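In: how would this look folded up:
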Amino acid sequence: EFAGSVTPRAVAAKIAAGEVKVYRFTVPEGLRVDEILPILASSELKLDAGKLARLTQDPAFLKKLGVPSNRIEGFLFPDTYTFTRGATEEAVLARMVQQAFAAYRAAEGQRQPGITLSQLEAFTLASIVEKETGAVDERPRISCVFHNRLKRGMPLQTDPTVLYAMSLLRGTWVNNITRADLQTPHPYNTYTTKGLPPGPIASPGAQALAAALNPSKCDDLYFVSRNDGTHIFCPDLKCHNAAVETWQREFFRKKRKNG
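Out: So this is what the prediction gives:
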């Protein structure tokens, strides 16, 4: 790229040095495919939105990339990417999946003995951890809670999976959960279906993947939001109910009272 008046010598030097204009876009952690594709399409690469959507639903393309699922959800790694002009939709998606696998291999190096999650299961649990907390230091403990529930055969009962299940049923995203939603049977609804859902619900980052395979040591089975991005953790129902009273019912009663 040249701007303003440039001498022939400067032009030659730039070409000889192999300086090429690059285009960047950033995908934050925890986004779904339907949130990621518009970022790619609106980048300066001028990628075709329709072709991106078709590729993410093409079983042959997913198989070629090595995605262990018939859905690409969870495997478009959140990162800042740099491409030169002419990058194709296939090349961009392939790079993102490769980055996801690279992060998984790094997390695999920290896998705890006894953690038997498959690659797909690791991405699935990591995506739930990613959606449950934005606090980096909490992720291993959130992961521990879910591992403890899985070991005991308890339903995971995590709200982000309900939101995802309802979006699949409705064909649109609604950022609200009703009692009826919690009771609506669906493979992705972890209130009605025990175990992990069939696949990821969003794209996890490196730290969430590491947490999925290397959870902290804890006896916790529950956690309750403090409404500031962090959580109270509890090993039993008595502690959990008290935390719900303090940090949910009482907290919001005070908030409504204070206007």
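In: how many other residues sit next to Ala122?
Out: Ala122 is flanked by 24 other residues according to other CB atoms under 10 Å. For every residue, glycine as well, the C-beta is placed using N, CA and C.
In: I'd guessed it sits against Leu209; true?
Out: Yes - in this structure, Ala122 is within contact of Leu209 by CB atoms under 8 Å, at 6.6 Å.
In: can you check which residues contact both of the two?
Out: Residues within reach of Ala122 and of Leu209 at once, by CB atoms under 8 Å, 6 or more residues apart in numbering, are 104, 107.
In: low-confidence ranges, the stretch 151-259 of the chain, go.
Out: Applying pLDDT under 70 to the stretch 151-259 of the chain picks out residues 259.
In: now the strands for it?
Out: Taking DSSP state E, counting those that start in this stretch, the strands of the stretch 151-259 of the chain run over residues 222-225, 231-234.
In: between the ones you listed, which one is closest to Pro140.
Out: Shortest separation from Pro140 across the strands of the stretch 151-259 of the chain is recorded for strand 231-234, at 11.5 Å, computed as CB to CB.
In: now do that closest one: which elements does it pack against?
Out: helix 139-152, strand 222-225, helix 237-244 (3 or more CB pairs under 8 Å, 6 or more residues apart in numbering; DSSP states H and E).
In: buried residues, the last one. List them.
Out: Along helix 237-244, the positions that meet the burial threshold by neighbour count (16 or more other CB atoms under 10 Å) are 239-240, 243-244.
In: cool, and the first one?
Out: With burial defined by 16+ other CB under 10 Å, the residues of helix 139-152 counted as buried are 139-150.
In: columns distance to Ser216 and pLDDT on top of the residues you listed, output as CSV?
Out: Shown next, in CSV, are these (distance: CB to CB, whole Å; pLDDT from 0 to 100):
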residue, distance to Ser216, pLDDT
Arg139, 9, 97
Pro140, 4, 97
Arg141, 5, 97
Ile142, 9, 97
Ser143, 7, 98
Cys144, 5, 98
Val145, 10, 98
Phe146, 12, 98
His147, 10, 98
Asn148, 11, 98
Arg149, 15, 97
Leu150, 15, 97
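In: so can I have CSV of these showing distance to Lys131?
Out: Listed next are the buried residues of helix 139-152 as CSV, based on distance: CB to CB, whole Å:
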residue, distance to Lys131
Arg139, 11
Pro140, 16
Arg141, 15
Ile142, 10
Ser143, 12
Cys144, 16
Val145, 14
Phe146, 12
His147, 17
Asn148, 19
Arg149, 16
Leu150, 17
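In: what are the ranges of the helices in this protein?
Out: Listed in chain order, the helices of the chain (DSSP state H) span 8-16, 33-41, 49-56, 59-65, 89-108, 119-132, 139-152, 159-170, 179-182, 206-213, 237-244, 251-257.
In: chain center to stretch 234-249: distance?
Out: Put simply, stretch 234-249 sits 27 Å off its chain's centre (CA atoms, centre = their mean, to the nearest Å).
In: can you report how many residues lie near Ile201?
Out: By other CB under 10 Å, the residues close to Ile201 number 26.
In: which residues touch the residue lying closest to it once chain neighbours are set aside?
Out: Leaving aside its sequence neighbours, Ile201 sits nearest to Tyr164 (CB to CB, 6 or more residues apart in numbering; 4.1 Å). Each residue near Tyr164 by CB under 8 Å, 6+ apart is listed here: 32, 188, 197, 201-202.
In: then Cys218?
Out: 141, 144-145, 148, 233, 235.
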